[in-house]
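Chemist: dropping the sequence and predicted coords here.
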Amino acid sequence: ESEKEDIDTIVYPSSPAACIEMAKALVMPDQGLDQMLVNYAEGRYLLETDPTSALNIFEGLYSTGESRGVSKFTFLAGVGKGIAFEKTGQLEKARDAFKKSVDYAEQIRESLDERARLKFMDGEEIFGIKHVFPYESLARVLMNLGMSEESLKISEYTTSRIFSESLARRNPDANADTPKEILEKDATLNNHLAGLLRELELSKLNACAETHGKLTTEIAKARNDLQTHISLLRQQYPLFAVTKYPEPTPLSSVGLTGSEMALIYNVTDSALLVYVLQGTKILKTSLKEVSRKELETMVRRFRHPVDVTPGKDTISDKLRTFDLQTGKTLSDILVHDFLPLMPIGTPLMIVPADCLGTLSFEMLPLSDDGAIIDDGLFITVSGA
(Lines give C-alpha, C1' and ligand atoms only; values in the text may rest on other atoms or scores of the structure.)
Protein backbone atom coordinates (compact mmCIF):
# COMPACT_ATOMS: atom_id res chain seq x y z
CA GLU A 1 0.00 0.00 0.00
CA SER A 2 2.81 2.43 0.86
CA GLU A 3 4.46 1.71 -2.53
CA LYS A 4 1.15 2.37 -4.27
CA GLU A 5 0.83 5.71 -2.48
CA ASP A 6 4.35 6.66 -3.57
CA ILE A 7 3.52 5.85 -7.20
CA ASP A 8 0.32 7.87 -7.02
CA THR A 9 2.28 10.94 -5.92
CA ILE A 10 4.66 10.91 -8.91
CA VAL A 11 4.15 13.87 -11.22
CA TYR A 12 4.58 12.63 -14.78
CA PRO A 13 5.87 14.93 -17.57
CA SER A 14 3.17 16.58 -19.63
CA SER A 15 5.06 16.74 -22.95
CA PRO A 16 7.63 14.72 -24.94
CA ALA A 17 10.27 17.41 -24.28
CA ALA A 18 9.68 17.24 -20.52
CA CYS A 19 9.73 13.44 -20.67
CA ILE A 20 13.14 13.51 -22.40
CA GLU A 21 14.53 15.95 -19.82
CA MET A 22 13.31 13.69 -17.02
CA ALA A 23 14.96 10.67 -18.67
CA LYS A 24 18.25 12.58 -19.10
CA ALA A 25 18.21 13.39 -15.38
CA LEU A 26 17.54 9.77 -14.38
CA VAL A 27 20.07 7.98 -16.62
CA MET A 28 23.48 7.50 -15.01
CA PRO A 29 26.75 8.12 -16.93
CA ASP A 30 27.67 4.41 -16.80
CA GLN A 31 24.38 3.35 -18.39
CA GLY A 32 25.72 3.54 -21.94
CA LEU A 33 22.85 1.94 -23.86
CA ASP A 34 20.21 3.89 -21.94
CA GLN A 35 22.14 7.10 -22.57
CA MET A 36 22.21 6.38 -26.32
CA LEU A 37 18.48 5.65 -26.29
CA VAL A 38 17.70 8.98 -24.61
CA ASN A 39 19.96 10.83 -27.08
CA TYR A 40 18.20 9.15 -29.99
CA ALA A 41 14.76 10.02 -28.59
CA GLU A 42 15.80 13.66 -28.21
CA GLY A 43 17.16 13.77 -31.78
CA ARG A 44 13.99 12.24 -33.21
CA TYR A 45 11.85 14.74 -31.29
CA LEU A 46 13.88 17.72 -32.54
CA LEU A 47 13.90 16.61 -36.18
CA GLU A 48 10.50 18.17 -36.84
CA THR A 49 11.14 21.54 -35.23
CA ASP A 50 14.90 22.07 -35.11
CA PRO A 51 16.79 19.80 -37.56
CA THR A 52 20.09 21.63 -36.95
CA SER A 53 20.02 20.83 -33.22
CA ALA A 54 18.89 17.30 -34.04
CA LEU A 55 21.89 16.94 -36.35
CA ASN A 56 24.30 17.82 -33.53
CA ILE A 57 22.73 15.16 -31.33
CA PHE A 58 22.88 12.52 -34.07
CA GLU A 59 26.53 13.38 -34.82
CA GLY A 60 27.39 12.66 -31.18
CA LEU A 61 25.29 9.49 -31.12
CA TYR A 62 26.96 8.27 -34.32
CA SER A 63 30.44 8.68 -32.79
CA THR A 64 29.37 6.96 -29.57
CA GLY A 65 27.75 4.08 -31.44
CA GLU A 66 30.88 3.57 -33.55
CA SER A 67 33.29 3.69 -30.62
CA ARG A 68 31.21 1.30 -28.53
CA GLY A 69 30.43 -1.00 -31.43
CA VAL A 70 26.63 -0.75 -31.15
CA SER A 71 25.51 -1.07 -34.77
CA LYS A 72 21.85 -0.45 -33.93
CA PHE A 73 22.45 3.08 -32.68
CA THR A 74 25.03 3.89 -35.35
CA PHE A 75 22.43 2.86 -37.94
CA LEU A 76 19.75 5.02 -36.30
CA ALA A 77 22.11 7.99 -35.95
CA GLY A 78 23.03 7.70 -39.64
CA VAL A 79 19.35 7.76 -40.56
CA GLY A 80 18.79 10.77 -38.31
CA LYS A 81 21.74 12.62 -39.87
CA GLY A 82 20.43 11.86 -43.36
CA ILE A 83 16.96 13.19 -42.53
CA ALA A 84 18.39 16.34 -40.92
CA PHE A 85 20.70 17.03 -43.86
CA GLU A 86 17.85 16.46 -46.32
CA LYS A 87 15.55 18.80 -44.39
CA THR A 88 18.19 21.53 -44.42
CA GLY A 89 18.92 21.12 -48.15
CA GLN A 90 22.40 19.59 -47.73
CA LEU A 91 21.78 16.81 -50.23
CA GLU A 92 25.37 15.62 -50.76
CA LYS A 93 25.77 15.18 -47.00
CA ALA A 94 22.36 13.50 -46.82
CA ARG A 95 23.49 11.07 -49.54
CA ASP A 96 26.67 10.22 -47.61
CA ALA A 97 24.78 9.77 -44.32
CA PHE A 98 22.20 7.45 -45.87
CA LYS A 99 24.98 5.47 -47.60
CA LYS A 100 26.71 4.90 -44.26
CA SER A 101 23.40 3.93 -42.68
CA VAL A 102 22.88 1.39 -45.49
CA ASP A 103 26.34 -0.04 -44.71
CA TYR A 104 25.38 -0.43 -41.05
CA ALA A 105 22.07 -1.99 -42.03
CA GLU A 106 24.04 -4.62 -43.98
CA GLN A 107 26.22 -5.24 -40.93
CA ILE A 108 23.14 -5.70 -38.75
CA ARG A 109 21.70 -8.13 -41.30
CA GLU A 110 24.92 -10.14 -41.33
CA SER A 111 24.61 -10.60 -37.56
CA LEU A 112 21.13 -12.16 -37.80
CA ASP A 113 20.41 -15.85 -38.20
CA GLU A 114 18.70 -17.16 -41.33
CA ARG A 115 15.16 -17.01 -39.93
CA ALA A 116 15.49 -13.42 -38.69
CA ARG A 117 16.75 -12.29 -42.11
CA LEU A 118 13.45 -13.27 -43.75
CA LYS A 119 11.79 -10.10 -42.47
CA PHE A 120 14.81 -7.82 -42.24
CA MET A 121 14.29 -5.23 -44.99
CA ASP A 122 10.63 -4.35 -44.72
CA GLY A 123 9.54 -6.09 -41.54
CA GLU A 124 11.41 -5.51 -38.30
CA GLU A 125 11.76 -1.98 -36.95
CA ILE A 126 14.29 -0.36 -34.64
CA PHE A 127 12.40 2.25 -32.61
CA GLY A 128 10.00 2.91 -35.48
CA ILE A 129 12.61 2.86 -38.28
CA LYS A 130 12.55 -0.02 -40.77
CA HIS A 131 15.88 -1.20 -42.12
CA VAL A 132 14.65 -0.39 -45.64
CA PHE A 133 14.34 3.33 -44.76
CA PRO A 134 17.90 4.48 -45.65
CA TYR A 135 17.85 2.49 -48.92
CA GLU A 136 14.67 4.24 -50.08
CA SER A 137 15.90 7.59 -48.79
CA LEU A 138 19.18 7.17 -50.66
CA ALA A 139 17.30 6.55 -53.92
CA ARG A 140 15.23 9.71 -53.31
CA VAL A 141 18.26 11.91 -52.53
CA LEU A 142 20.16 10.58 -55.56
CA MET A 143 17.22 11.51 -57.78
CA ASN A 144 17.13 15.01 -56.29
CA LEU A 145 20.85 15.29 -57.03
CA GLY A 146 20.21 14.41 -60.68
CA MET A 147 21.95 11.02 -60.37
CA SER A 148 19.11 9.16 -62.11
CA GLU A 149 20.93 5.95 -63.00
CA GLU A 150 22.37 5.52 -59.50
CA SER A 151 18.94 6.25 -58.03
CA LEU A 152 17.29 3.59 -60.20
CA LYS A 153 20.04 1.10 -59.37
CA ILE A 154 19.60 1.37 -55.59
CA SER A 155 15.81 1.51 -55.98
CA GLU A 156 15.63 -1.74 -57.97
CA TYR A 157 18.20 -3.43 -55.74
CA THR A 158 16.09 -2.59 -52.70
CA THR A 159 12.96 -3.93 -54.40
CA SER A 160 14.73 -7.16 -55.31
CA ARG A 161 15.91 -7.64 -51.72
CA ILE A 162 12.37 -7.17 -50.38
CA PHE A 163 11.03 -9.55 -53.03
CA SER A 164 13.67 -12.15 -52.17
CA GLU A 165 12.74 -12.09 -48.48
CA SER A 166 9.02 -12.20 -49.26
CA LEU A 167 9.52 -15.17 -51.60
CA ALA A 168 11.47 -17.09 -48.98
CA ARG A 169 8.80 -16.41 -46.31
CA ARG A 170 5.87 -17.42 -48.49
CA ASN A 171 7.36 -20.47 -50.19
CA PRO A 172 9.79 -22.47 -48.02
CA ASP A 173 10.10 -25.09 -50.80
CA ALA A 174 11.10 -22.57 -53.48
CA ASN A 175 14.65 -23.95 -53.47
CA ALA A 176 13.61 -27.57 -53.98
CA ASP A 177 15.83 -27.81 -57.07
CA THR A 178 18.92 -27.06 -54.96
CA PRO A 179 20.49 -30.07 -53.19
CA LYS A 180 19.79 -30.31 -49.47
CA GLU A 181 23.48 -30.36 -48.58
CA ILE A 182 24.01 -27.06 -50.46
CA LEU A 183 21.13 -25.41 -48.58
CA GLU A 184 22.47 -26.71 -45.26
CA LYS A 185 25.97 -25.43 -46.04
CA ASP A 186 24.51 -22.05 -47.01
CA ALA A 187 22.64 -21.77 -43.72
CA THR A 188 25.65 -22.95 -41.69
CA LEU A 189 28.02 -20.40 -43.24
CA ASN A 190 25.55 -17.54 -42.71
CA ASN A 191 24.74 -18.53 -39.13
CA HIS A 192 28.43 -18.96 -38.26
CA LEU A 193 29.22 -15.44 -39.48
CA ALA A 194 26.18 -14.04 -37.65
CA GLY A 195 27.30 -15.63 -34.38
CA LEU A 196 30.81 -14.20 -34.68
CA LEU A 197 29.47 -10.71 -35.40
CA ARG A 198 27.22 -10.83 -32.33
CA GLU A 199 30.18 -11.90 -30.21
CA LEU A 200 32.24 -9.01 -31.64
CA GLU A 201 29.59 -6.47 -30.70
CA LEU A 202 29.53 -7.81 -27.14
CA SER A 203 33.31 -7.72 -26.91
CA LYS A 204 33.34 -4.06 -28.03
CA LEU A 205 30.60 -3.19 -25.56
CA ASN A 206 32.57 -4.84 -22.76
CA ALA A 207 35.90 -3.34 -23.92
CA CYS A 208 37.52 -6.75 -24.27
CA ALA A 209 40.44 -5.94 -26.60
CA GLU A 210 41.97 -9.44 -26.66
CA THR A 211 38.74 -11.12 -27.72
CA HIS A 212 38.07 -8.32 -30.20
CA GLY A 213 41.29 -8.99 -32.15
CA LYS A 214 40.72 -12.74 -32.32
CA LEU A 215 37.12 -12.33 -33.47
CA THR A 216 38.09 -9.83 -36.17
CA THR A 217 40.40 -12.46 -37.72
CA GLU A 218 37.74 -15.17 -37.53
CA ILE A 219 35.13 -12.86 -39.08
CA ALA A 220 37.38 -12.06 -42.04
CA LYS A 221 37.81 -15.80 -42.71
CA ALA A 222 34.07 -16.48 -42.30
CA ARG A 223 33.23 -13.67 -44.76
CA ASN A 224 35.75 -15.03 -47.26
CA ASP A 225 34.32 -18.57 -46.94
CA LEU A 226 30.80 -17.23 -47.52
CA GLN A 227 31.84 -15.20 -50.58
CA THR A 228 33.58 -18.25 -52.08
CA HIS A 229 30.40 -20.24 -51.50
CA ILE A 230 28.23 -17.54 -53.14
CA SER A 231 30.53 -17.43 -56.18
CA LEU A 232 30.10 -21.18 -56.64
CA LEU A 233 26.33 -20.83 -56.22
CA ARG A 234 26.22 -18.25 -59.04
CA GLN A 235 27.92 -20.76 -61.33
CA GLN A 236 26.17 -23.99 -60.30
CA TYR A 237 22.76 -22.87 -58.94
CA PRO A 238 22.13 -19.45 -60.52
CA LEU A 239 18.38 -19.32 -59.77
CA PHE A 240 18.94 -19.93 -56.07
CA ALA A 241 21.87 -17.48 -56.04
CA VAL A 242 19.99 -14.65 -57.75
CA THR A 243 17.00 -14.95 -55.39
CA LYS A 244 19.02 -15.45 -52.18
CA TYR A 245 21.81 -13.01 -53.05
CA PRO A 246 20.51 -10.39 -55.52
CA GLU A 247 23.03 -7.88 -56.83
CA PRO A 248 22.67 -4.30 -58.09
CA THR A 249 22.11 -4.45 -61.85
CA PRO A 250 23.50 -1.79 -64.21
CA LEU A 251 21.08 -0.11 -66.58
CA SER A 252 22.90 -1.67 -69.55
CA SER A 253 21.65 -5.09 -68.37
CA VAL A 254 17.94 -4.18 -68.33
CA GLY A 255 16.07 -6.60 -70.59
CA LEU A 256 14.16 -4.05 -72.67
CA THR A 257 14.54 -3.61 -76.43
CA GLY A 258 14.83 -0.14 -77.93
CA SER A 259 11.16 -0.24 -78.95
CA GLU A 260 9.90 -1.10 -75.44
CA MET A 261 9.22 1.30 -72.58
CA ALA A 262 8.81 0.92 -68.83
CA LEU A 263 7.29 2.96 -66.03
CA ILE A 264 9.04 2.05 -62.78
CA TYR A 265 7.81 3.23 -59.39
CA ASN A 266 9.40 3.38 -55.94
CA VAL A 267 7.20 4.37 -52.99
CA THR A 268 9.07 5.96 -50.09
CA ASP A 269 7.79 7.40 -46.81
CA SER A 270 7.77 10.99 -48.06
CA ALA A 271 7.72 10.82 -51.87
CA LEU A 272 7.03 8.71 -54.93
CA LEU A 273 9.91 8.14 -57.36
CA VAL A 274 9.07 7.49 -61.01
CA TYR A 275 11.49 6.37 -63.75
CA VAL A 276 10.59 6.26 -67.47
CA LEU A 277 12.77 3.91 -69.51
CA GLN A 278 13.03 3.32 -73.24
CA GLY A 279 15.22 0.30 -73.76
CA THR A 280 18.29 0.90 -71.60
CA LYS A 281 17.92 4.70 -71.53
CA ILE A 282 16.24 6.78 -68.83
CA LEU A 283 14.00 9.26 -70.63
CA LYS A 284 12.66 11.01 -67.55
CA THR A 285 12.57 10.82 -63.78
CA SER A 286 10.12 12.50 -61.47
CA LEU A 287 9.79 12.92 -57.72
CA LYS A 288 6.17 13.33 -56.63
CA GLU A 289 5.54 14.93 -53.25
CA VAL A 290 3.07 12.32 -52.05
CA SER A 291 3.69 10.15 -49.01
CA ARG A 292 3.29 6.39 -48.75
CA LYS A 293 0.37 6.90 -46.37
CA GLU A 294 -1.45 9.24 -48.79
CA LEU A 295 -0.95 6.82 -51.69
CA GLU A 296 -2.20 3.87 -49.65
CA THR A 297 -5.36 5.78 -48.71
CA MET A 298 -6.11 6.76 -52.32
CA VAL A 299 -5.44 3.28 -53.69
CA ARG A 300 -7.73 1.67 -51.09
CA ARG A 301 -10.49 4.17 -51.83
CA PHE A 302 -10.29 3.75 -55.60
CA ARG A 303 -10.12 -0.03 -55.64
CA HIS A 304 -12.81 -0.53 -52.98
CA PRO A 305 -15.60 -1.09 -55.59
CA VAL A 306 -13.76 -4.06 -57.12
CA ASP A 307 -13.41 -5.81 -53.77
CA VAL A 308 -16.66 -7.75 -54.00
CA THR A 309 -17.49 -10.17 -51.17
CA PRO A 310 -19.79 -12.98 -52.47
CA GLY A 311 -23.06 -13.14 -50.55
CA LYS A 312 -22.47 -9.71 -49.01
CA ASP A 313 -21.95 -7.26 -51.88
CA THR A 314 -23.68 -6.86 -55.21
CA ILE A 315 -21.69 -5.71 -58.22
CA SER A 316 -24.30 -3.05 -59.01
CA ASP A 317 -24.06 -1.52 -55.55
CA LYS A 318 -20.27 -1.57 -55.76
CA LEU A 319 -20.24 0.11 -59.18
CA ARG A 320 -22.32 2.97 -57.85
CA THR A 321 -19.60 3.76 -55.30
CA PHE A 322 -16.74 4.28 -57.76
CA ASP A 323 -14.74 7.36 -56.75
CA LEU A 324 -13.68 8.66 -60.15
CA GLN A 325 -12.16 11.81 -58.68
CA THR A 326 -9.73 9.80 -56.57
CA GLY A 327 -8.95 7.74 -59.66
CA LYS A 328 -8.22 10.91 -61.64
CA THR A 329 -5.94 12.16 -58.85
CA LEU A 330 -4.02 8.88 -58.96
CA SER A 331 -3.90 9.11 -62.75
CA ASP A 332 -2.43 12.63 -62.55
CA ILE A 333 0.24 11.46 -60.11
CA LEU A 334 1.14 8.16 -61.75
CA VAL A 335 0.83 8.56 -65.52
CA HIS A 336 -0.24 12.03 -66.68
CA ASP A 337 3.23 13.55 -67.06
CA PHE A 338 4.63 10.53 -68.88
CA LEU A 339 2.01 9.72 -71.54
CA PRO A 340 3.35 12.37 -73.98
CA LEU A 341 6.66 10.47 -74.04
CA MET A 342 4.97 7.28 -75.24
CA PRO A 343 4.05 6.95 -78.93
CA ILE A 344 0.79 5.11 -79.59
CA GLY A 345 1.41 1.39 -80.03
CA THR A 346 4.59 1.34 -77.95
CA PRO A 347 4.80 -1.75 -75.69
CA LEU A 348 4.71 -0.41 -72.12
CA MET A 349 5.63 -2.35 -68.99
CA ILE A 350 4.46 -1.00 -65.64
CA VAL A 351 6.59 -1.96 -62.64
CA PRO A 352 4.63 -1.01 -59.51
CA ALA A 353 5.85 -1.03 -55.92
CA ASP A 354 4.33 -1.22 -52.47
CA CYS A 355 0.58 -0.37 -52.46
CA LEU A 356 0.67 0.31 -56.22
CA GLY A 357 0.96 -3.44 -56.73
CA THR A 358 -2.77 -3.75 -55.88
CA LEU A 359 -3.84 -1.05 -58.35
CA SER A 360 -5.29 -1.83 -61.80
CA PHE A 361 -3.59 0.87 -63.85
CA GLU A 362 -5.86 0.24 -66.86
CA MET A 363 -8.81 1.43 -64.74
CA LEU A 364 -7.37 4.88 -64.04
CA PRO A 365 -9.55 7.70 -65.46
CA LEU A 366 -7.69 10.10 -67.74
CA SER A 367 -10.46 12.70 -67.89
CA ASP A 368 -12.16 14.97 -65.36
CA ASP A 369 -15.49 14.40 -67.11
CA GLY A 370 -16.13 10.85 -65.92
CA ALA A 371 -19.54 9.97 -64.55
CA ILE A 372 -21.39 6.90 -63.26
CA ILE A 373 -24.56 6.37 -65.34
CA ASP A 374 -27.36 4.34 -63.72
CA ASP A 375 -30.41 3.96 -66.02
CA GLY A 376 -32.17 1.46 -63.75
CA LEU A 377 -31.06 -1.52 -65.82
CA PHE A 378 -27.33 -1.10 -66.32
CA ILE A 379 -24.57 0.85 -64.63
CA THR A 380 -21.88 2.23 -66.87
CA VAL A 381 -18.99 4.67 -66.68
CA SER A 382 -19.06 7.48 -69.23
CA GLY A 383 -16.47 10.04 -70.29
CA ALA A 384 -13.67 8.84 -68.02
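Modeler: The structure has been received and is ready for your questions.

Chemist: for this protein, which helix is longest?
Modeler: Across the chain, the helix with the greatest residue count (assigned by DSSP state H) is helix 209-236.

Chemist: right, and the helix or strand after it?
Modeler: helix 238-244 (DSSP states H and E).

Chemist: name every strand pairing with the following helix or strand past that next one and say which way it goes.
Modeler: As assigned by DSSP H and E, the chain's next helix or strand after helix 238-244 is strand 261-267. Strand 261-267 pairs in its sheet with strand 272-278 (antiparallel), strand 348-351 (parallel), by DSSP bridges.

Chemist: could I get those as JSON lines with mean pLDDT, mean neighbour count and distance to Thr64?
Modeler: The C-beta positions use only the backbone N, C-alpha and C, and glycine is treated the same way. Converted to JSON lines, the strands paired with strand 261-267 look like this (pLDDT from 0 to 100; neighbours: other C-beta atoms under 10 Å; distance: least, C-beta to C-beta, whole Å):
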{"stretch": "strand 272-278", "mean pLDDT": "95", "mean neighbour count": "22", "distance to Thr64": "33"}
{"stretch": "strand 348-351", "mean pLDDT": "93", "mean neighbour count": "14", "distance to Thr64": "41"}
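
Chemist: so for Val132, which of those sits nearest?
Modeler: strand 272-278 (13.8 Å; C-beta to C-beta).

Chemist: dump the strands paired with strand 261-267 to JSON lines, plus distance to Gly195.
Modeler: Listed next are the strands paired with strand 261-267 as JSON lines, based on distance: least, C-beta to C-beta, whole Å:
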{"stretch": "strand 272-278", "distance to Gly195": "37"}
{"stretch": "strand 348-351", "distance to Gly195": "38"}
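
Chemist: okay, now Ser71: neighbour count?
Modeler: Neighbour count of Ser71, defined by other C-beta atoms under 10 Å: 23.

Chemist: please shift the residue numbers so they start at 52 in all later answers.
Modeler: Right, with 52 as the first residue, what we last looked at is Ser122.

Chemist: what sits against it?
Modeler: By C-beta atoms under 8 Å, 6 or more residues apart in numbering, the contact set of Ser122 is 116, 155, 158-159, 162, 252.

Chemist: which parts of the longest helix of the chain are buried?
Modeler: 263, 266, 269-270, 273, 277, 280, 284 (16 or more other C-beta atoms under 10 Å).

Chemist: export these to CSV and tack on distance to Ser303 and pLDDT?
Modeler: Converted to CSV, these look like this (distance: C-beta to C-beta, whole Å; pLDDT from 0 to 100):
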residue, distance to Ser303, pLDDT
His263, 43, 74
Leu266, 40, 86
Glu269, 39, 91
Ile270, 34, 90
Ala273, 33, 92
Leu277, 28, 93
His280, 28, 93
Leu284, 24, 92
